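Enquirer: heads up, no residue letters with this:
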């Protein structure tokens, strides 16, 4: 893994965009940005909760929460929000298995909710997440953090925190790998 | 999946997928402000009940409504069925009117299968909500969901099904499903209340309830179905209750972790003593609660995917 050059193309035509080290640094930077933008280290800091969107948004939210605690000394609660039941394309494929939903301790009412996902693409997942959030309570505000923004939005949605802006063509595939699922961290363009 | 007609033929993976969906739905609905999911918006679900029912009809209706489907209830009295319309014509009418799913309960065994056959070249799904003495698949699924909640897994678990097995669609559906999920099923009943051919079922048969209880992880009691009995299956209700009823003494024979299930409606004092029904080991209200989530899961698996064209 470590021997692999960033940006190098392997024989299968896959290009590494972020190495394991890059992923860690990117998550750390995003944690700093969240602290700064939400003024989490100020005495009048808002109640921030992170909601990861399964599958890979969930461990990203956990990592961000850990980094935020490390850098700011503030505990932010995190949860998981499955959006499958809110998708607009359920009738365009086989039955999708549902993922875990777990609200953070203390719920989301009047909190500043930061949605966390791995890749921002069409924006439809985030649209579904906003609908799902609304059924769970009434946050004070909602923000969005993504590890990779690959463009091609189909809805008026943008992220507040972006780990890596990655111009792609629609036919390319952005694969985010995380230790928890894939045995290693990294981002690859296929 | 297009129809859910029986648990016979439902394999372990399919059954587990439905139960997992039910778990996740329960989780997604926990503590939320709005108990409504948009998943089946614009789909029409019709329940067609030719037999009385409280919990099954209500829980299908709630399940559909919580997923935003339009749910319409048709009962045999008050519909054209009372004018003599056949099941086939009623079904075709409902299909033509725009039903995406027909949930049917009928006193004749095999009614749901016939219905699915008539609707073969349409996109309408059929759910069997109990057909005569044949099957009641969503009941078995909610029983399995309740046992998974209480026991963790069904693998290697021992479940005794006690009572009127002969007339019980709940027993048939549970035998298929619980064995598919890895449980060992024992049927406990007097010989007159066991179906012919039971020796070919993947179960152990016993006539002695006291001898079986100590080794069970769960006991499922069946209602004695007087409405399906024409003749003497046992000498008297009192005698049946003494021989096969789960009373306080027998509850003590069960291991402490064992779960007591009853599909309802219960006849307290007959197959189950009141103290047993209200004991912490009884999971009867959990069964009803799980029934809603399981039926939501079934509707999700039948309706929330691309059309498998027939």
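Expert: Structure received. These figures come from a predicted structure and were not determined experimentally.

Enquirer: okay, CA-based contacts and neighbour counts for the rest of this
Expert: Noted.

Enquirer: name the helix or strand for the residue in the stretch 151-300 of chain B positioned nearest to chain A, please.
Expert: Per CA to the nearest CA, residue B:300 is where the stretch 151-300 of chain B lies closest to chain A, at 8.0 Å. Using DSSP states H and E, residue B:300 sits in helix B:284-303.

Enquirer: what about the strands in chain A?
Expert: For chain A, the strands defined by DSSP state E cover A:15-18, A:48-52, A:77-80, A:112-120, A:141-149, A:161-165, A:174-177, A:186-189.

Enquirer: so which elements touch the first one?
Expert: With contacts defined as 3 or more CA pairs under 8 Å, 6 or more residues apart in numbering or on different chains; DSSP states H and E, the secondary structure elements packing on strand A:15-18 are strand A:186-189.

Enquirer: contact partners for residue A:124?
Expert: By CA atoms under 8 Å, 6 or more residues apart in numbering or on different chains, the residues touching residue A:124 are A:87, A:88, A:154, A:155.

Enquirer: restricted to buried residues, select those in PyMOL.
Expert: Per 16 or more other CA atoms under 10 Å in any protein chain shown, the buried members of those correspond to this PyMOL selection:
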select buried, chain A and resi 87
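
Enquirer: between the contacts of residue A:124, which is nearest residue B:290?
Expert: residue A:87 (24.2 Å; CA to CA).

Enquirer: give the contact list for the residue lying closest to the closest one once chain neighbours are set aside.
Expert: Nearest non-adjacent residue to residue A:87, counting by CA to CA, 6 or more residues apart in numbering or on different chains: residue A:128, 5.7 Å away. Under the criterion of CA under 8 Å, 6+ apart, the neighbours of residue A:128 are A:83, A:86, A:87, A:88.

Enquirer: how near is residue A:128 to residue B:234?
Expert: Separation of residue A:128 from residue B:234 (CA to CA, to the nearest Å): 58 Å.

Enquirer: re the thing from before, how about the contacts of residue A:128 in JSON lines, adding pLDDT?
Expert: Listed next are these as JSON lines, based on pLDDT from 0 to 100:
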{"residue": "A:83", "pLDDT": "97"}
{"residue": "A:86", "pLDDT": "96"}
{"residue": "A:87", "pLDDT": "95"}
{"residue": "A:88", "pLDDT": "93"}
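
Enquirer: okay, now residue B:1: neighbour count?
Expert: Residue B:1 has 15 neighbours, counted by other CA atoms under 10 Å in any protein chain shown.

Enquirer: quick revisit: now the strands of chain A in CSV, with mean neighbour count and mean pLDDT?
Expert: What follows is the strands of chain A, written out as CSV (neighbours: other CA atoms under 10 Å in any protein chain shown; pLDDT from 0 to 100):
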stretch, mean neighbour count, mean pLDDT
strand A:15-18, 21, 94
strand A:48-52, 29, 97
strand A:77-80, 24, 96
strand A:112-120, 25, 98
strand A:141-149, 22, 98
strand A:161-165, 19, 97
strand A:174-177, 20, 96
strand A:186-189, 20, 96
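
Enquirer: make TSV from those strands and add distance to residue B:240 to it.
Expert: Formatted as TSV, the strands of chain A follow (distance: least, CA to CA, whole Å):
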stretch	distance to residue B:240
strand A:15-18	72
strand A:48-52	56
strand A:77-80	51
strand A:112-120	60
strand A:141-149	62
strand A:161-165	69
strand A:174-177	62
strand A:186-189	67
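
Enquirer: spatially central residue in chain A, please.
Expert: Against the mean C-alpha coordinate of chain A, by CA atoms, centre = their mean, the closest residue is residue A:117 at 2.1 Å.

Enquirer: which residues does that residue contact?
Expert: Per CA under 8 Å, 6+ apart, neighbours of residue A:117: A:52, A:53, A:54, A:56, A:57, A:58, A:60, A:61, A:145, A:146, A:147.

Enquirer: got the residues of chain B near chain A?
Expert: Within chain B, the positions lying close to chain A (CA under 8 Å from any CA of the partner chain) are B:17, B:20-21, B:24-25, B:27-28, B:31-39, B:300-301, B:304-307.

Enquirer: now the buried members of those residues.
Expert: Judged by 16+ other CA under 10 Å, buried ones among those: B:17, B:20-21, B:24-25, B:27-28, B:32, B:37-39, B:300-301, B:304-305, B:307.

Enquirer: for residue 157, what are its contacts?
Expert: By default, I'm working from chain A. Neighbour list for residue A:157: A:123, A:126, A:127 [criterion: CA under 8 Å, 6+ apart].

Enquirer: my question was about chain B, not that one.
Expert: B:182, B:183, B:184, B:216, B:217.

Enquirer: which one of the residues you listed has the most neighbours?
Expert: residue B:217 (24 neighbours).

Enquirer: distance of that one from residue B:161?
Expert: Separation of residue B:217 from residue B:161 (CA to CA): 11 Å.

Enquirer: quick check: the residue of the stretch 51-200 of chain B nearest chain A.
Expert: Using CA to the nearest CA, the closest approach of the stretch 51-200 of chain B to chain A is made by residue B:67 at 8.8 Å.

Enquirer: for residue B:41, see how far away that residue is.
Expert: Applying CA to CA, the value for residue B:67 to residue B:41 is 7 Å.

Enquirer: for residue B:122, same thing?
Expert: Counting by CA to CA, the gap from residue B:122 to residue B:41 is 20 Å.

Enquirer: just checking, residue B:187 is part of a strand?
Expert: Yes: if the criterion is DSSP: H, G, I helix; E, B strand; the rest coil, then residue B:187 is within a strand.

Enquirer: quickly list what it is bridged to.
Expert: Beta-bridge partners of residue B:187, counted by DSSP bridges, are residue B:161, residue B:205.

Enquirer: show me what contacts it?
Expert: B:160, B:161, B:162, B:165, B:203, B:204, B:205, B:206.

Enquirer: now those residues: which count as buried?
Expert: Applying 16+ other CA under 10 Å to the contacts of residue B:187, the neighbour count classes B:160, B:161, B:162, B:165, B:203, B:205, B:206 as buried.

Enquirer: the last one reaches residue B:186, doesn't it?
Expert: Yes: contact between residue B:206 and residue B:186 holds when scored by CA atoms under 8 Å: they sit 7.0 Å apart.

Enquirer: does the spatially most central residue of chain B count as helix, strand or coil?
Expert: Centre of chain B computed as the mean C-alpha position; nearest residue by CA atoms, centre = their mean is residue B:139, 1.5 Å away. At residue B:139 the chain is in helix, as set by three-state DSSP.

Enquirer: which one is it nearest to, not counting chain neighbours?
Expert: residue B:170 (6.5 Å).

Enquirer: how many neighbours does residue 169 have?
Expert: If you meant another chain, say so; for now it's chain A. 10.

Enquirer: sorry, should have said chain B
Expert: 23.

Enquirer: correct me if wrong: it contacts residue B:136.
Expert: Yes: assessed by CA under 8 Å, residue B:169 is found in contact with residue B:136 at 5.5 Å.

Enquirer: which residues are common contacts for those two?
Expert: Joint contacts of residue B:169 and residue B:136 (CA under 8 Å, 6+ apart) are residue B:130.

Enquirer: what parts of chain A come near chain B?
Expert: Counting by CA under 8 Å from any CA, chain A comes close to chain B at A:82, A:85-87, A:90-102, A:135-137.

Enquirer: in PyMOL, how would I select just the buried ones from those residues?
Expert: Per 16+ other CA under 10 Å, the buried members of the residues of chain A next to chain B correspond to this PyMOL selection:
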select buried, chain A and resi 82+85+86+87+90+95+98+99+100+101+102+136+137
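
Enquirer: out of the residues of chain A next to chain B, which sit inside helices?
Expert: Mapping these onto helices (DSSP state H) picks out A:135, A:136.

Enquirer: by neighbours, which of the contacts of residue A:157 wins?
Expert: Busiest of the contacts of residue A:157 [other CA under 10 Å] is residue A:126, holding 23 neighbours.
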